[in-house]
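Enquirer: what's the 3D shape of this:
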Amino acid sequence: MTLLPRIALAGALFAAASAPALAFDEAQKNEIRGVVREYLIQNPDVLYEAQQEWNRRQQAKLAEKRDATLKNYVAKLDQSKLHAVLGNPKGDVTLLEFFDYNCGFCRRAIKDIDKLVDSDPKLRVVVMELPVIREESVGAAQVSIAVNRIAPEKFRAFHDKLLGQQALATRDKAMAVAKELGVDPAKLTAAMTAPEVEATLMESKELADDLGVEATPTYVIGDAVVPNTTRVVDDLTGRIAALRKCGKAMC
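Expert: Next up, the predicted model:
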């Protein structure tokens, strides 16, 4: 296509986009559609370029939202007080873990998280249920949240036992684990109907979306979102130390 037709096409598209809806009759609209269609057929790379630009803009929006969320997520969680905490509730460093009771990598990481908590008396780990692996994970997460609400002193034992098993984690399985640990089944069943249970799951989902979290486990510390790592203790210990030293996950 020569320069003149390109200019004509650009002018037509600009006019079509900026003029009132009734400015063109149906014949004129069809003619413009034909010109656009012919141009795209002759220049298919334009579609690819447009898709690439759209992707770039979407990624920029997601990055902007993630960066904004990283600045205030700790304060937001402190205000809501919905989620279970491992370690020191008043710790000087907060580590978030998005997990699913049916996530194999989360099961492998449980000992690493326990090691971090036990070796660092100033660390606070906020566990965020993100039941995305299986449908049954939702029931297990609901029981988990209810256990934390009515028997927070038993939560860590419940969490470690349920997450440490290789069997499918379901609502019934989670209820059985809680009962083994001395949580009253009747109180637990009643607690699962409280609006805070759904609110906890919703807050986890919204925060995960804002941070671009798509899989479990994912850790959030300071200004960093850390996907599953095979060296959980070494990786996160370094980030914890950096956060204390310079206020960032990496100095």
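Enquirer: residues contacting residue 183?
Expert: 147, 150, 151, 154, 158 (CB atoms under 8 Å, 6 or more residues apart in numbering). (Each C-beta comes from the backbone N, C-alpha and C, glycine too.)
Enquirer: Spatially, which two of those are the most separated?
Expert: Greatest spacing in the contacts of residue 183, by CB to CB: 150 and 158 (11.2 Å).
Enquirer: So for those two, which sits in the more crowded spot?
Expert: Ranked by neighbour count (other CB atoms under 10 Å), residue 150 and residue 158 place residue 158 first, with 21 against 17.
Enquirer: Verify the contact between that one and residue 181 for me.
Expert: Yes. Counting by CB atoms under 8 Å, residue 181 is a contact partner of residue 158 at 5.6 Å.
Enquirer: TSV please, covering the contacts of residue 183 and showing distance to residue 69.
Expert: Shown next, in TSV, are the contacts of residue 183 (distance: CB to CB, whole Å):
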residue	distance to residue 69
147	28
150	30
151	31
154	31
158	29
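Enquirer: As a markdown table, the residues you listed with secondary structure would be great.
Expert: Shown next, in a markdown table, are the contacts of residue 183 (DSSP: H, G, I helix; E, B strand; the rest coil):
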| residue | secondary structure |
| --- | --- |
| 147 | helix |
| 150 | helix |
| 151 | coil |
| 154 | helix |
| 158 | helix |
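Enquirer: which of those lies closest to residue 116?
Expert: Among the contacts of residue 183, and counting by CB to CB, the member closest to residue 116 is residue 158, at 18.9 Å.
Enquirer: Check the gap between the closest one and residue 242 for me.
Expert: Noted for residue 158: a distance of 32 Å to residue 242, by CB to CB, to the nearest Å.
Enquirer: Surely residue 97 is within a strand?
Expert: Yes. The assignment for residue 97 is a strand, going by three-state DSSP.
Enquirer: could you list every residue that touches the residue most central in space within the chain?
Expert: When CA atoms, centre = their mean is applied to the chain, the residue found nearest the centroid is residue 208 (1.8 Å). Listed by CB under 8 Å, 6+ apart, the contact set of residue 208 reads 98, 128, 130, 214, 218.
Enquirer: Save those residues as CSV, and put in secondary structure and pLDDT too.
Expert: Below are the contacts of residue 208 laid out as CSV (DSSP: H, G, I helix; E, B strand; the rest coil; pLDDT from 0 to 100):
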residue, secondary structure, pLDDT
98, strand, 97
128, strand, 96
130, coil, 97
214, coil, 88
218, strand, 96
